[in-house]
Each structure stands twice: as C-alpha cells, then as structure tokens.
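Q: Pasting the sequence and the predicted coordinates here, then a few questions.
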Amino acid sequence: LHAWNFLLGNVDMKEKKSTSLLQRILVSCGAQAKEYGGCVASKIPEVERDMCLKEFLALKNCMQNVVFSCLFQPNAGALFCLQLAGSGGSGALSHVFIKYPPMRCDTPGSKGVFYDDANKLLVSPTADQVLSWKVAPFIPNAMPSSDPIAEGPVLSIRYSLDGKILAIQRSSHEIEFWNKETRETFSQRCRPESESMLGFFWTDCLNYDIVYVKTSGLDLFSYDPEMRRLRLVESKRLNVTWYRYTHESRLVLLASGSQCKTFTGFQLSSAGVVRLPKFEMMMAKSEANNKPVLAAEDIHIITVYGRIYCLQVDRVAMLLHSYRFYCDAVVPQGSLPIYSSKIAVSVVDSVLLVHQVDAKVVILYDIFADSRAPISAPLPLLLWDYPRFQNATLRLADKDASVEAKEVNIQEPVLYGDAWTFLVPDLICDTVNGLLWKVHLDLGAISASSSEVSSVLEFLQRRKLEAMKAKRLCLAITRTIILEHRPVSIVSKALDVLITSYSLALKNGSYLKGIKSDKASASSDSHTRSSRIPADESFDAGPRRKSVRTEFYTEVGPAVQSSIYSSSDSEVDELSHVPGSSGAPLDANVPDQQESQISSSAISPDDIYCHVFAPVDDEMAGDPAYLVAILVEFIRSACLERIKVYPNIHVLMVRLLVRSDRYTELGSFVINKIIEPSKEVAYQLLESGRQNSHTRKLGIDMLRQLALHHDFILSLVQDGYYLEALRYARKQKVTGIRPSLFLEAAYSSNNPQHLVAVLRFFSDFTPGFKSTSDYAAYCRILSDTSTSIAA
C-alpha cells in the first residue's frame with residue numbers, strides 16, 4: 001500500500017484539481033485494485049511477504065501511468081501532477097536513479113553504438129570514422145576521440161587493451177585490423193565453408209592477445225607487431241551456438257545443444273586460462289513448448305563482492321536462477337522471483353539491481369546475507385535533475401504558457417524504452433537517441449525505507465563507491481537512535497556493527513587505504529588488473545537491512561528484509577570447501593581506476609565520539625544514565641574486537657557518572673578497569689573530585705599507577721600532602737621538581753617545623769639550592785618567626 005499512501009498523502013482534498021486526479025486514479029485502476037484486494041483477502045489470515053507482489057506491481061504501474069498521463073491533458077492539474085511525479089527529486093519514491101544530463105553519443109550517419117567494456121569506451125562508427133567516448137569516469141559532456149576507418153559493415157568493434165589497434169568485425173568470416181601508429185590495415189578470415197565467427201574480444205593473457213569465438217570453438221591468437229599479423233597459438237574445439245563474455249570477469253560462456261542450455265566456460269586472465277566443467281542450466285517447460293530454447297539475452301554474467309555469478313532468466317517459471325563459479329564446479333545458488341517477461345540486470349557497488357522492465361520498477365538485492373528477500377519494496381527508476389520539473393513549474397504558473405510547457409514535457413526521456421540496452425555493470429544506452437545513462441543508488445532513500453538499524457548499518461558499511469556518504473549516514477543513524485532513546489539492546493547492536501566493520505577494515509588494510517584515497521587527487525585512467533575470487537564458497541545469505549532516519553531522512557515503511565547470497569570483500573580470499581572442488585581460486589577482475597576511487601566507510605572510535613557521543617551529550621544533558629549504558633556497551637564491543645578506546649570516551653563517562661552523583665559506580669568502573677587509566681581520565685577525576693574526596697583520590701592514584709611522577713607530586717602538594725610528595729620524589733628519584741612549590745605549601749601551613757624539613761630536604765638533595773634566592777628568603781622567614789616567638 002506504499003503507493004496508495006504516497007498518493008493520498010500528497011493529495012489536498014480541498015483542491016479541485018487534486019481531487020480530480022485522485023478520482024481518475026480510482027476509476028482507471030479499479031480493476032487492478034480489485035484484483036490486488038481480492039488476492040490479499042483470499043490469503044488472510046495466512047499473510048506472507050510478497051504474497052501478492054505481482055498484483056501490487058500491476059496496480060502500482062497503473063497508478064503511475066495515470067499520474068504521468070495527466071501531464072499531457074488540459075485542465076488536469078498539471079502543476080500538481082508535476083509535484084506528484086517529481087516528488088521533490090530526492091529519491092523519496094525510488095532507490096535507484098539515473099541523472100540528467102546523460103552522455104550524448106548521437107552521431108550523424110552512425111552505424112550503431114557498441115560498448116567496448118575492456119577499455120570502458122562507447123564506440124559509434126560511421127562510414128569513414130569511428131568516434132569513441134570514455135565512460136569511466138562518467139563525464140556527461142565528454143568529447144569523443146576519432147579514428148579513420150574504411151567504409152564497410154560493422155558487426156562488432158573493439159580496441160586492443162593498449163589502445164593501439166582497432167579491430168572491426170566486418171562479417172561472420174572476417175575481422176579487419178587497423179594500426180593507429182602505422183596507419184596500416186590487415187584482415188583475418190576464417191573458413192567460410194566449415195565455421196562462422198560469432199564474435200571476438202581482446203585478452204590480457206600472457207600468451208594471447210585476442211580470442212575469436214566461432215561456431216567451432218575458440219581460436220586464441222597473439223599479435224606479432226613486427227610482422228603485423230596474428231599468430232594462432234591454441235584452439236579450443238567444441239560446438240558453439242552463442243556466447244556471453246564480460247571483461248570484468250574475464251569469463252566466456254559458450255552455449256551449445258539444441259536448447260542452448262549446455263555451457264562450457266573459460267576464464268582467460270593474466271593468471272592463465274581456467275576451463276570450467278561443462279554444466280546445464282535449469283529451464284522449466286511449458287505446455288506449448290516442451291523444449292524451450294535459451295536465448296543469449298537471458299544470461300547475465302555479474303561480479304559481486306569480487307565473486308563471479310551467472311544469472312539466468314527462466315521466462316516459463318518466472319524465476320531468475322543464479323550460479324556461482326568455482327575452478328572445477330558450477331554451483332546453483334537458488335532462484336529469485338521475477339514479475340516481468342522482460343528482465344534487465346545492473347550491478348552498482350556490489351548491489352544487484354533486477355529491472356522489471358514491463359512493470360517499470362527495480363528490485364534490489366544485496367548478495368551477502370542469508371535471505372533471498374529484496375533490500376526494499378520494488379520502486380521505479382527515477383530521473384534526477386531533469387530540467388522539466390523546474391522549468392515546467394515556472395511556465396505552468398503563467399496561464400498563457402501552456403503550449404510551451406507541453407513542448408518541454410514531450411522531450412522528457414522515456415524510461416525503460418524499447419531502445420534501452422543495459423551494459424555491464426551499471427550503464428544504460430539509448431541506442432535510438434544516442435544517450436548513455438549511468439545508474440546510481442540512493443543510499444539515503446534505501447536507509448530510510450528500512451527500520452532495522454543494525455541491518456542498515458551493515459549494508460552501508462559494505463558500500464565503497466560512496467563510502468563517505470555511507471559513513472555520514474551511519475553516524476547520523478547512530479546519533480538519531482540514541483537521541484530517540486531507543487532500547488539499549490538496539491543501540492548496542494548498532495555499535496557492534498560499526499566496531500566490527502572498523503576492526504575488519506584495520507585487519508585487511510582497507511581503512512588506511514581509504515584514508516589515503518580520500519586525501520589523494522583523482523588519478524589518470526589505467527588498465528584493468530586481477531583480483532582474486534574465492535574458488536569455493538557457496539552462495540549464502542542473511543537478513544536484510546532496515547534503518548532509522550537521521551535529521552536528513554524520515555523513517556518510512558515497515559521493516560523489509562533483503563539479500564540473497566553471501567560474501568564480503570574482506571572474505572574474498574577466504575575459501576570454504578565445496579565438495580569436489582580443488583580449492584584453486586578463479587580471478588575476478590576489477591578496474592584499477594574504479595578501485596582507486598574506492599575509500600573505506602569504516603568508522604573509527606574517535607569518529608563515533610566526535611560525531612555521535614559528543615553531540616548527544618550536549619543534547620541529552622538531562623539523562624546521563626542512558627548515555628552511560630550506551631558507553632558501557634560501546635566499550636564492551638571495542639574490547640571484544642581488541643580496538644583501542646581513546647581517553648575522550650572514558651572522560652565522557654566520568655563526567656556523566658559525576659553528573660548523576662553515581663560516585664560509587666564510578667569507583668567500581670575505575671577499579672575494574674572499565675574506565676581505562678589515562679592522564680586525561682586522571683585529571684577528570686581530580687576535577688570531578690572537588691565535591692567528592694574519594695573520586696579525587698582515585699585520580700591521584702591513577703597518576704601514580706601511570707608513573708606520571710611530576711603530575712602525582714603536584715596533586716599531592718595541591719592537596720597539602722607535600723611531605724608525602726617529598727618522600728615519593730626521593731623514593732622514585734624524581735628530578736626537576738620546583739622547590740618553591742613545596743616551600744610555599746609548607747609556609748602556608750603555618751608550621752615552622754615542616755618548613756625546616758622542606759628546606760633541609762632540598763639542601764641535602766638539590767645541588768646549589770643553598771645559593772638560590774628561595775633558600776635565602778625562607779631562611780629569613782624562619783629567622784623572623786623564631787625571633788617573634790622568643791620575644
């Protein structure tokens with residue numbers, strides 16, 4: 001009912017136009033509402049998560065269509081429609097967005113748009129040249145580079161990994177090569193009578209430079225720059241119907257068989273060639289078709305948390321099957337439900353995005369925990385910063401500008417249009433209009449849609465591409481739940497998540513790497529490198545994340561569980577044994593440039609103090625007991641992870657206990673080392689002990705325990721124990737103490753004998769003291785005192 005609540009929450013029933021829109025929604029979507037309500041009613045009281053999700057998506061899609069259609073109709077309350085559809089542009093109705101403006105690649109006379117994923121290039125050939133745009137980093141107004149080419153058909157086009165050679169597949173039997181340095185061209189053909197070429201890709205294998213994928217298998221070539229030709233190094237013979245390859249994974253899957261569901265895989269990376277065992281994918285049979293054929297567009301190779309997976313769309317069963325790759329095994333990992341006949345897949349920061357194209361919504365999964373439930377409810381893809389929202393609002397304010405407003409609306413990009421092509425991992429290409437969009441996650445909106453704090457924090461701590469934003473959200477969420485007086489158990493779990501994540505980041509070095517990355521400036525583009533993927537670890541999963549909002553977001557919606565599989569970057573090299581597996585890992589490849597931009601979202605104890613405890617202390621001055629309980633849990637969690645707690649935390653605890661007059665408890669905390677000894681804590685105890693002598697004594701004892709001799713002696717003197725201070729100085733052989741400090745204290749006591757004892761001490765143990773002005777002055781004082789007594 002999220003969509004209904006949103007609509008009703010934004011409709012002012014006092015406004016005629018708003019009422020008109022609501023009536024239109026109710027009339028237009030009556031059938032879908034009836035079907036959804038009937039589905040829910042038929043299952044009560046056996047209520048389950050997503051039990052009527054298909055009907056809900058149909059209802060939601062209908063409601064959205066009504067809202068957007070009202071923009072093009074006169075007297076429909078267009079301004080209200082804009083406000084409703086735009087929703088402020090903050091992502092309140094979406095967790096995934098594309099941002100305006102896109103990268104423009106519309107070239108007159110273009111023969112198509114191709115994506116060179118190895119070099120992160122969008123390539124558009126024309127009759128006499130090829131234009132290429134660098135898409136990493138994604139710069140919307142980036143200018144293309146151009147290279148001349150000969151006229152002819154273009155089936156596929158890719159640059160070599162060093163960018164020096166351009167390869168163009170001209171037909172199913174020929175690839176043409178153009179050397180950018182020498183401007184020379186040569187061609188390579190295969191035997192047209194026995195085989196045809198399905199495609200090709202460049203590789204960073206030590207012994208190979210380019211791989212041909214043919215109906216007869218793989219041909220692996222090396223390039224000879226002196227002879228300016230290719231040399232066949234090795235062939236892998238097998239029947240191939242079609243193939244799928246991503247440079248990120250270095251994995252090529254070759255489909256064969258009458259149903260194209262039998263696969264052989266090869267991973268070709270700088271570490272060598274790994275041949276995967278042959279395996280078959282699951283396919284449900286329909287009554288009309290007993291032998292369905294698997295299409296290439298139904299297979300998606302993705303890399304999540306450094307691990308390689310394959311997703312297979314089963315249109316009959318309406319399931320998305322998942323498989324995990326190991327060196328000598330391909331292990332099914334379960335299935336996800338789908339609600340659309342057309343499915344697309346993106347991966348953003350290791351979060352799996354399943355686009356339900358027909359329903360025009362996105363479902364997010366975090367392949368990390370033990371649950372196959374999504375992160376949150378299905379929501380539409382949002383277009384951010386499109387100028388229509390602002391410009392059209394201004395124009396609609398002018399009653400004479402309705403024609404202009406309509407013209408602006410018509411130009412708005414069509415989401416999930418027929419020309420959209422989804423590129424691995426996070427790009428969308430509109431091939432008709434020549435537009436390239438980058439897919440983004442709205443971490444704030446995702447956090448706001450969940451109410452289980454610890455789960456949300458775990459999710460945010462795994463984010464890397466927007467690590468600083470995730471870090472700020474974690475701090476704000478933690479601060480908010482404390483200010484809201486959430487139960488100590490909830491806050492304790494939240495702190496456990498942060499401390500555990502910080503400990504893990506210290507162990508694997510990502511925290512220090514993240515600090516360096518934050519300080520470093522953006523670096524130039526670099527080539528890809530290999531990072532390890534665990535060869536044997538099954539696809540696990542865990543409960544999904546929910547969160548409470550901070551000042552920036554309001555808490556919305558019920559708790560939602562998410563995540564299907566399991567793995568974390570920290571565990572990338574930890575191998576769990578799969579039966580029959582040798583344990584040798586595969587390589588998953590991450591671009592160097594992307595990795596260089598990654599920073600750590602881990603939060604140090606000092607960050608928690610500065611951004612959580614200190615601000616909370618200022619705002620919760622009236623309830624120190626609650627904050628003390630929170631601090632105790634924080635210290636407990638840090639001790640379990642063997643993380644150093646800085647003195648400011650312990651100083652704050654001392655202040656809070658004193659503020660609530662809990663001196664006995666304070667003494668217990670100090671004695672049992674819950675409050676760890678430090679100079680800062682000792683001085684706080686001394687200051688707080690002005691109203692409690694026992695507390696001050698704890699501070700003095702702590703100085704002695706820490707062997708802070710001068711501080712300990714000074715404290716004894718300030719309390720009038722100057723003779724004890726002298727004995728301690730003599731015993732510990734403390735040098736450099738000021739005689740005047742003790743002489744003044746003895747003189748203030750009005751006890752001549754003590755003054756004599758102090759003078760004698762410094763005369764005996766401080767060379768040259770008798771020649772100082774202090775000695776002469778206090779000797780005169782003693783002489784005057786003796787004279788007055790005698791008189």
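A: Yep, it's here. Numbers count the residues shown, from 1 in each chain.
Q: okay, and the helix or strand of this protein with the least pLDDT?
A: Across the helices and strands of the chain, mean confidence by mean pLDDT, DSSP states H and E is lowest for strand 528-533: a mean of 36.
Q: From residue 178, how far off is residue 160?
A: Residue 160 sits 11 Å away from residue 178, going by Cβ to Cβ, to the nearest Å. Backbone N, C-alpha and C define where each C-beta goes, glycine included.
Q: Touching both of these two, which residues are there?
A: residue 166 (Cβ atoms under 8 Å, 6 or more residues apart in numbering).
Q: Low-confidence ranges, this protein, go.
A: Where the chain drops to pLDDT under 70, the residues are 1-24, 26, 47, 49, 64-92, 369-371, 388-411, 512-598, 621-622, 787-791.
Q: Show me which helix runs longest in it.
A: helix 488-508 (DSSP state H).
Q: how much distance is there from that helix to the middle of the chain?
A: 16 Å (Cα atoms, centre = their mean, to the nearest Å).
Q: Any buried residues in that helix, and which?
A: For helix 488-508, burial by neighbour count (16 or more other Cβ atoms under 10 Å) applies to 490-506, 508.
Q: How about stretch 475-491?
A: 475, 476, 477, 478, 479, 480, 481, 482, 486, 490, 491.
Q: Secondary structure of the third one: a helix, I assume?
A: In this case it means residue 477. Yes - counting by DSSP: H, G, I helix; E, B strand; the rest coil, residue 477 is located in a helix.
Q: Just want the most central residue of the chain.
A: Centroid-nearest residue in the chain, with Cα atoms, centre = their mean: residue 463, separated by 1.3 Å.
Q: Does that residue fall in a helix, a strand, or a coil region?
A: coil.
Q: In contact with it, which residues are there?
A: Residue 463 touches 349, 441, 443, 469, 470, 601, counting by Cβ under 8 Å, 6+ apart.
Q: try residue 203
A: Residue 203 touches 161, 209, 210, 211, 220, 250, 268, 269, counting by Cβ under 8 Å, 6+ apart.
Q: Any chance of a ChimeraX selection covering the buried ones in the residues you listed?
A: Buried residues within the contacts of residue 203, by 16+ other Cβ under 10 Å, are selected in ChimeraX with:
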select :161,209,210,211,220,250,268,269
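Q: Note down every partner strand of the helix or strand encompassing residue 124 and its orientation.
A: In this assignment (DSSP states H and E), residue 124 forms part of strand 121-125. Sheet pairing of strand 121-125 (DSSP bridges) gives strand 114-116 (antiparallel), strand 129-134 (antiparallel).
Q: send the alpha carbons of it over as CSV?
A: Output in CSV follows, covering the C-alpha atoms of strand 121-125 (Å, rounded to 0.1, in the frame of the first residue of the first chain):
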residue,chain,number,x,y,z
LEU,A,121,34.6,3.0,-24.4
LEU,A,122,31.3,3.7,-26.1
VAL,A,123,32.0,3.4,-29.8
SER,A,124,30.0,4.8,-32.7
PRO,A,125,31.3,4.0,-36.2
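Q: List the contacts of that strand.
A: Against strand 121-125 from outside (Cβ under 8 Å, 6+ apart): 103, 105, 107, 110-116, 130-135, 144, 149, 154, 157-159, 168, 429, 434, 436.
Q: Quick check: buried residues in that strand?
A: For strand 121-125, by 16+ other Cβ under 10 Å, it's 121, 122, 123, 124, 125.
Q: for those, which one is nearest residue 55?
A: The nearest member of the buried residues of strand 121-125 to residue 55, counting by Cβ to Cβ, is residue 122 at 39.1 Å.
Q: Okay, that closest one and residue 421: tell me how far apart.
A: Distance, residue 122 to residue 421, using Cβ to Cβ: 11 Å.
Q: which SS class is residue 774?
A: At residue 774 the chain is in helix, as set by three-state DSSP.
Q: Tell me, how many residues neighbour it?
A: Neighbourhood size, residue 774 [other Cβ atoms under 10 Å]: 17.
Q: One more: residue 782?
A: For residue 782, using other Cβ under 10 Å, the count is 14.
Q: Now tabulate the contacts of residue 203 in JSON lines and tack on secondary structure and distance to residue 761.
A: Below are those laid out as JSON lines (DSSP: H, G, I helix; E, B strand; the rest coil; distance: Cβ to Cβ, whole Å):
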{"residue": "161", "secondary structure": "coil", "distance to residue 761": "81"}
{"residue": "209", "secondary structure": "coil", "distance to residue 761": "86"}
{"residue": "210", "secondary structure": "strand", "distance to residue 761": "89"}
{"residue": "211", "secondary structure": "strand", "distance to residue 761": "89"}
{"residue": "220", "secondary structure": "strand", "distance to residue 761": "90"}
{"residue": "250", "secondary structure": "coil", "distance to residue 761": "80"}
{"residue": "268", "secondary structure": "strand", "distance to residue 761": "83"}
{"residue": "269", "secondary structure": "strand", "distance to residue 761": "78"}
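Q: now the contacts of residue 203 in JSON lines, with distance to residue 744?
A: Listed next are the contacts of residue 203 as JSON lines, based on distance: Cβ to Cβ, whole Å:
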{"residue": "161", "distance to residue 744": "79"}
{"residue": "209", "distance to residue 744": "86"}
{"residue": "210", "distance to residue 744": "89"}
{"residue": "211", "distance to residue 744": "88"}
{"residue": "220", "distance to residue 744": "90"}
{"residue": "250", "distance to residue 744": "79"}
{"residue": "268", "distance to residue 744": "83"}
{"residue": "269", "distance to residue 744": "78"}
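Q: which one of the contacts of residue 203 sits closest to residue 56?
A: When these are compared for distance to residue 56 (Cβ to Cβ), residue 250 wins out at 39.9 Å.
Q: what do residue 122 and residue 421 both touch?
A: Shared contacts of residue 122 and residue 421, defined by Cβ under 8 Å, 6+ apart, are found at residue 429.
Q: Residue 431 contacts residue 112, doesn't it?
A: Yes - Residue 431 is in contact with residue 112 according to Cβ atoms under 8 Å; the separation is 7.1 Å.
Q: Next, work out how far apart residue 655 and residue 625 are.
A: Residue 655 is 13 Å from residue 625, by Cβ to Cβ.
Q: who's more crowded, the two?
A: residue 655 (16 against 12).
Q: where's that one, which helix or strand?
A: For residue 655, the enclosing helix or strand under DSSP H and E is helix 647-659.
Q: Restricting to C-alpha, output that helix in PDB.
A: Output of helix 647-659 as PDB, limited to C-alpha atoms (Å, rounded to 0.1, in the frame of the first residue of the first chain):
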ATOM      1  CA  PRO A 647      40.600   8.500  26.600                       C
ATOM      2  CA  ASN A 648      37.900  11.000  25.500                       C
ATOM      3  CA  ILE A 649      35.300   8.200  25.700                       C
ATOM      4  CA  HIS A 650      36.300   7.400  29.300                       C
ATOM      5  CA  VAL A 651      36.500  11.100  30.200                       C
ATOM      6  CA  LEU A 652      32.900  11.500  29.000                       C
ATOM      7  CA  MET A 653      31.800   8.500  31.100                       C
ATOM      8  CA  VAL A 654      33.400  10.000  34.200                       C
ATOM      9  CA  ARG A 655      31.600  13.300  33.600                       C
ATOM     10  CA  LEU A 656      28.300  11.600  33.100                       C
ATOM     11  CA  LEU A 657      28.600   9.500  36.300                       C
ATOM     12  CA  VAL A 658      29.600  12.500  38.300                       C
ATOM     13  CA  ARG A 659      26.700  14.500  36.800                       C
END
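Q: and it, what does it pack onto?
A: In this structure, helix 647-659 packs against helix 614-619, helix 624-640, helix 663-671, helix 679-688, with contacts taken as 3 or more Cβ pairs under 8 Å, 6 or more residues apart in numbering; DSSP states H and E.
Q: What are the boundaries of the helices in the stretch 651-791 of the chain?
A: Counting by DSSP state H, counting those that start in this stretch, the stretch 651-791 of the chain has helices at residues 663-671, 679-688, 693-705, 709-718, 722-732, 739-748, 752-765, 773-790.
Q: how about those helices, which one is nearest residue 608?
A: helix 679-688 (17.1 Å).
Q: now the angle from the closest one to helix 709-718?
A: Relative orientation of helix 679-688 versus helix 709-718 (axes from the mean of the first three to the mean of the last three Cα atoms, to 10 degrees): 0 degrees.
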